[in-house]
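1. no letters, just coordinates:
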């Protein structure tokens, strides 16, 4: 009997030994695998750092037209705090018409701006004096607003810090709250596990983890959020491996950068570096004790204790942390008493709690695509400096939304059925300063500013008139016949354009035909100058698409996106000098080394003389034509120029207008291409006006050349006349392209039909 | 024989790479001399408003943001820091979009960079902006003509 038992025991022992051997081998293989995984992550690139995209840095100088309210808006957005007296960087104060800004240090792609006190004096919404650190100065720059990032798929964002950047008190508080044995254990804490086990047994489930900081780091780095014994075991093994390879400081530094601390839209806030900027608008070095306690408290539950979304929870949790800090003698009882009564003091706006500009970022991304790989943009921490002007952007967004809401209300249309897009650019530099791609500007989706291909209607007309003005047969007051016209197509169709008012207006001077946007006069003129010449002008203006040579193109029966329209009108607004529209100024590495610059380029594609005349004609659109609503809204000395556009059956409402420095194109329509009860003047024009109503614009003075002359003319008589004659008007002409007839005051205004109209009337 | 030929090629390639990677030190005088030589094909002129960056004797009558940036750009130019110069000029352009002096300088920079087409376009832009100033008009026209004459 005993022999049998002995034999069985030996057999079991043998099996046990064999199984143990297999177990050890499996464990060894697993450890080797986990070890490789740990080392790979720690010794390779630990994080994919998204590219950061910045708006233009605001330039401040004497003579700059700037309403102080916009400066305050920008300061708040970049996380400055208003205080009674500025003491440290990141603060500003207002005293009557004077303002003090303590600028933070900022490194840009073209150099550094040191922390400095900037004193400004304003007179009539214009900077009249500027001092830097007490000395009179000519110019100062602020740091640019961070407007977004180009994120990897997981949308993690972080701002890397070194351990020495983190205040000692923050680290002590973190260790005290999350892992008191951190400096003594080997990755796992038996005491912690025992405590968690007891709690879990009492509660009848997994409610508390006994994780050390190292285990938390391992979990975040390598594992899922699953709560299971297997995952816990792997976590423990990996934590031990991490501790074997790396010292405590390195583990702590990695933890500080890895930990998840909340969400901002799609973007996940990781690490104390970014969190301190995001919640308090400060560098981590400048956090005070209650702020540190708030962040440390968030580790337990970034959503539950989020100080922006759940301030009550966050406040209670912060005080728990402060209490622990007091218990651990990190702060005194008195400090605890004072600090636990403080508000959370999270910043309302911060550079890092940014408003996203999806449409503009989309443009940035597309323009970068030719030079950078997507992977580099999402992982190398590149810094992308753009031309976005947040003040104009905000104004444009509000204008689009407000006008569309009003139209829907006034015409009793279904809500949110209308859509809008807008492009604002600098006329001379071609820099895009604002871009709206949807009536909801935070929407990440179809970008109408770039991708909505819509019939441009009357916005094509300036190309027709410009073609005529490039042709020596025409001048500014050439008589154009606005009479019914029929053109037979190759397939037997007849194209018979009508005017908006369904009337014909007879002979009209060229500039008036454009100002009044007369379809029949334009169709006639377009055919007279030749479709191929109109197409060439469109190309010279920057329209890259191949357009068919159909007669209807002269009335804009072809599609362009608002961005393409902006490119076309930039050439006109810059007196014939075409500059490719661009959103990016430069790209640098995370360390500030300049990688690429997108400098100013220009190409004169239209001579200055016809460009001068077409600008003058577009000023007439605003003065007497379809854009005259602007005249009632803006100072007339601005001499604004513009053009309305309405496509067939009012499916598209367009307006493009420019001053001496800004060009903006607005489109309103429906995604399903249905008709609307509004024209270009009723929809898009109003948005243009609302956008720029409170913004400073420079007056538009078309650039004269030595070949431009002015004559007093009898406009309807197509003749030069005397200044003293009744109704005589001073009009511009290109030398040699002037009216041939002269008339005196005694002669009545005559309207002579040009030779070509006789041909086309037949 | 083949081996000698291969060695010669390798040595030549490395010498060329070495030469390209070394930025020899140049004094301001040397830089000015080089720039002067490069610019010898362009007219040497001065206009009180537009300035003449080449010799560094420009006057900045008013203390404004524009003057400050132009002054810095001219200094960068004399130190052969052409990229900084260009960046400063583009900042100046944003502040004062129609200052012909900015475009004249950008034209010179493009010329120095070997981009003759761009130099011409910048000069054209400057020319379009000086229509009302006969003296400046004449000067910019001389610049434009010189660029066009050396273009082909």
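-> Yep, it's here. Just so we're clear, the structure is a prediction, and the values are computed from it rather than from any experiment. Numbers count the residues shown, from 1 in each chain, chains lettered A, B, ... in the order given.
2. other SSEs contacting whichever helix in chain A runs longest?
-> In chain A, ranked by residue count with DSSP state H as the criterion, the top helix is helix A:2-43. For helix A:2-43, the packing partners by 3 or more CB pairs under 8 Å, 6 or more residues apart in numbering or on different chains; DSSP states H and E come out as helix A:213-222, helix A:229-245. Placement of C-beta: from N, CA and C, glycine included.
3. ok, now which ones touch residue A:244?
-> residue A:186 (CB atoms under 8 Å, 6 or more residues apart in numbering or on different chains).
4. my read is that residue A:210 contacts residue A:181, right?
-> No. Between residue A:210 and residue A:181 no contact is recorded; they are 10.6 Å apart, counting by CB atoms under 8 Å.
5. what are the boundaries of the helices in chain B?
-> Counting by DSSP H, chain B forms helices over residues B:2-21, B:28-39, B:65-78, B:82-95, B:100-112, B:116-129, B:134-149, given from the N-terminal end onward.
6. rank those helices by mean pLDDT and give me the bottom one.
-> Of all the helices of chain B, mean pLDDT reaches its minimum on helix B:2-21 (a mean of 47).
7. ok so, going back, tell me the angle of the longest helix of chain A relative to helix A:229-245?
-> Angle, helix A:2-43 to helix A:229-245, by axes from the mean of the first three to the mean of the last three CA atoms, to 10 degrees: 60 degrees.
8. now helix A:2-43 and helix A:213-222, what's the angle there?
-> With the same axes, to 10 degrees as the criterion, the two stretches helix A:2-43 and helix A:213-222 enclose an angle of 70 degrees.
9. out of the helices and strands packed on helix A:2-43, which comes closest to residue A:276?
-> Closest approach to residue A:276 among those is made by helix A:213-222 (18.5 Å; CB to CB).
10. elements contacting that closest one?
-> Secondary elements touching helix A:213-222 (3+ CB pairs under 8 Å, 6+ apart): helix A:2-43, helix A:168-178, helix A:229-245, helix A:248-258.
11. for residue A:287, which of those is the nearest?
-> Nearest to residue A:287, of these and by CB to CB, is helix A:168-178 at 6.7 Å.
12. following the closest one, which helix or strand comes up?
-> Sequence order places helix A:190-203 as the next helix or strand after helix A:168-178, per DSSP states H and E.
13. for that following helix, what does the pLDDT average out to?
-> For helix A:190-203, the per-residue pLDDT values average out at 73.
14. coming back round to it: pull the distance from the longest helix of chain A to the chain's centre.
-> Helix A:2-43 has its average C-alpha position 59 Å from the chain's average C-alpha position, going by CA atoms, centre = their mean, to the nearest Å.
15. just say helix, strand or coil for residue A:625.
-> Secondary structure, DSSP: H, G, I helix; E, B strand; the rest coil: residue A:625 is coil.
16. OK, contacts around residue A:90?
-> Residue A:90 sits in contact with A:79-81, A:102, A:104, A:281-282, A:286, where contact means CB under 8 Å, 6+ apart.
17. what residues does the stretch 351-500 of chain A put near chain B?
-> A:426-429, A:431 (CB under 8 Å from any CB of the partner chain).
18. before we move on, back to that, and the helices and strands packed on helix A:2-43, which is most packed in?
-> Relative to the other members of the helices and strands packed on helix A:2-43, helix A:213-222 carries the highest mean neighbour count by mean count of other CB atoms under 10 Å in any protein chain shown, namely a mean of 22.
19. roughly how far out does that helix sit from the chain middle?
-> Its chain's average C-alpha position is 36 Å from that of helix A:213-222, according to CA atoms, centre = their mean.
20. quick check: angle from that helix to helix A:190-203?
-> In this structure, helix A:213-222 runs at an angle of 80 degrees to helix A:190-203, with the same axes, to 10 degrees as the basis.
21. is residue A:701 within a helix or a strand, and which one?
-> When secondary structure is defined by DSSP H and E, residue A:701 falls outside every helix and strand.
22. check residue A:528 too.
-> For residue A:528, the enclosing helix or strand under DSSP H and E is helix A:519-529.
23. look up which helix or strand residue A:408 falls in, please.
-> Residue A:408 belongs to helix A:390-410 when assigned by DSSP H and E.
24. which helices and strands sit right next to that helix?
-> Here helix A:390-410 touches helix A:68-77, strand A:418-426, strand A:432-436, strand A:662-670, helix A:684-692, going by 3+ CB pairs under 8 Å, 6+ apart.
25. what mean pLDDT does it have?
-> 95.
26. the nearest residue to residue A:498 once chain neighbours are set aside: neighbouring residues, count only.
-> The shortest distance from residue A:498 to any residue other than its chain neighbours is 6.4 Å, reached at residue A:519 (CB to CB, 6 or more residues apart in numbering or on different chains). For residue A:519, the tally of surrounding residues (other CB atoms under 10 Å in any protein chain shown) stands at 22.
27. try residue A:666
-> Burial of residue A:666, expressed as a neighbour count using other CB under 10 Å, amounts to 33.
28. state the pLDDT value of the nearest residue to it once chain neighbours are set aside.
-> By the measure of CB to CB, 6+ apart, the closest residue to residue A:666 outside its immediate chain neighbours is residue A:684, 3.9 Å from it. At residue A:684, the pLDDT value in this model is 96.
29. repeat that for the one 4 residues further on.
-> Reading off the per-residue confidence, residue A:688 sits at a pLDDT of 98.
30. so it touches residue A:630, yeah?
-> Yes. Counting by CB under 8 Å, residue A:688 does reach residue A:630; the two are 7.4 Å apart.
31. who touches both of those two?
-> With contacts defined as CB under 8 Å, 6+ apart, the residues shared by residue A:688 and residue A:630 are A:642, A:657.
32. looking at the two, which has the bigger crowd around it?
-> Set side by side, residue A:688 and residue A:630 give different neighbour counts by other CB under 10 Å, the larger being at residue A:688 (29 against 23).
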